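Asker: sequence and predicted structure, then a few things I'm wondering about:
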Amino acid sequence: GAGVSQSPRYKVAKRGQDVALRCDPISGHVSLFWYQQALGQGPEFLTYFQNEAQLDKSGLPSDRFFAERPEGSVSTLKIQRTQQEDSAVYLCASSLGLAVNYEQYFGPGTRLTVT
Amino acid sequence: AQKVTQAQTEISVVEKEDVTLDCVYETRDTTYYLFWYKQPPSGELVFLIRRNSFDEQNEISGRYSWNFQKSTSSFNFTITASQVVDSAVYFCALSAPHGSSNTGKLIFGQGTTLQVKP
């Protein structure tokens, strides 16, 4: 079946622009996670959803970052007034349930470059 | 606090050599889960294995094997008879179960880049 998909795969934004990154999880997956991966680093947790409820947003680096999943499926990560330090790969992952008995399946990521 | 350390930044081996990737973790939780993911040049993280803290049996899957030692807080990964297709970045990760402050999310190490030369 189809895996996690993300769009766009690449995004170049000028500093100060707003961007929106989309994640389509695996059909039927209840949980959805966003991670940020800086160059040469491991992914870092940003936020997660169980269905449409955002249960943890402790990893969002600033109030310029906002995520939503209004119907419990597709999710959008929005970054307002982008800064150069926002340049990274943004990874989305989904899993059947919240508990770690379910492995997280990752999408290919969106590479954001802020110039 | 939870932390994962992968001290080896880069490893280079010649095809058919065995290679071990080290992973050391820190957690105060008594129940936790450990993972290994592979990230090939395409960028997508590929799940390899999940182990829970109560199961210290070593596991083997084809050329891959994992050694979990709670006494040293380590979860090392060995590739036997390495192949060029094994070249990738490998991440070790930690997660705590439902009900703790770290529910669901993965804490990743910095990754080890493995290069297998023909």
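Answerer: Now that the structure is in, tell me what you want to look at.
Asker: give me the neighbour count for B:Ala93.
Answerer: A count of nearby residues for B:Ala93, using other C-beta atoms under 10 Å in any protein chain shown, gives 24. For every residue, glycine as well, the C-beta is placed using N, CA and C.
Asker: give me the beta-bridge partners of it?
Answerer: B:Phe35, B:Phe108 (DSSP bridges).
Asker: distance check, the residue of chain A found nearest chain B against B:Glu17.
Answerer: Closest residue of chain A to chain B, C-beta to the nearest C-beta: A:Gly42 (3.3 Å). Using C-beta to C-beta, to the nearest Å, A:Gly42 is found at 25 Å from B:Glu17.
Asker: the two - which one has more neighbours?
Answerer: Set A:Gly42 next to B:Glu17 and count neighbours by other C-beta under 10 Å: A:Gly42 wins out with 21 against 13.
Asker: how about the residue nearest the centre of chain A: what's its closest non-neighbour residue?
Answerer: Residue closest to the average C-alpha location in chain A (C-alpha atoms, centre = their mean): A:Trp34, at 3.3 Å. Using C-beta to C-beta, 6 or more residues apart in numbering or on different chains and skipping residues adjacent in sequence, the residue nearest A:Trp34 is A:Leu46, 4.2 Å away.
Asker: quick check: that neighbour touching A:Tyr35?
Answerer: Yes. Using C-beta atoms under 8 Å, A:Leu46 is in contact with A:Tyr35, at 6.0 Å.
Asker: anything in contact with each of these two?
Answerer: Common neighbours of A:Leu46 and A:Tyr35 (criterion: C-beta atoms under 8 Å, 6 or more residues apart in numbering or on different chains): A:Tyr90.
Asker: those two: who's more crowded?
Answerer: For A:Leu46 versus A:Tyr35, the count of surrounding residues by other C-beta under 10 Å is larger for A:Tyr35: 25 against 22.
Asker: quickly list what that one is bridged to.
Answerer: A:Tyr35 forms beta bridges with A:Phe45, A:Leu91, as assigned by DSSP bridges.
Asker: so how far is the helix or strand of chain B with the lowest mean pLDDT off the chain centroid?
Answerer: Lowest on mean pLDDT, DSSP states H and E among the helices and strands of chain B sits strand B:59-61, with a mean of 88. Relative to its parent chain, strand B:59-61 has a centroid offset of 13 Å by C-alpha atoms, centre = their mean, to the nearest Å.
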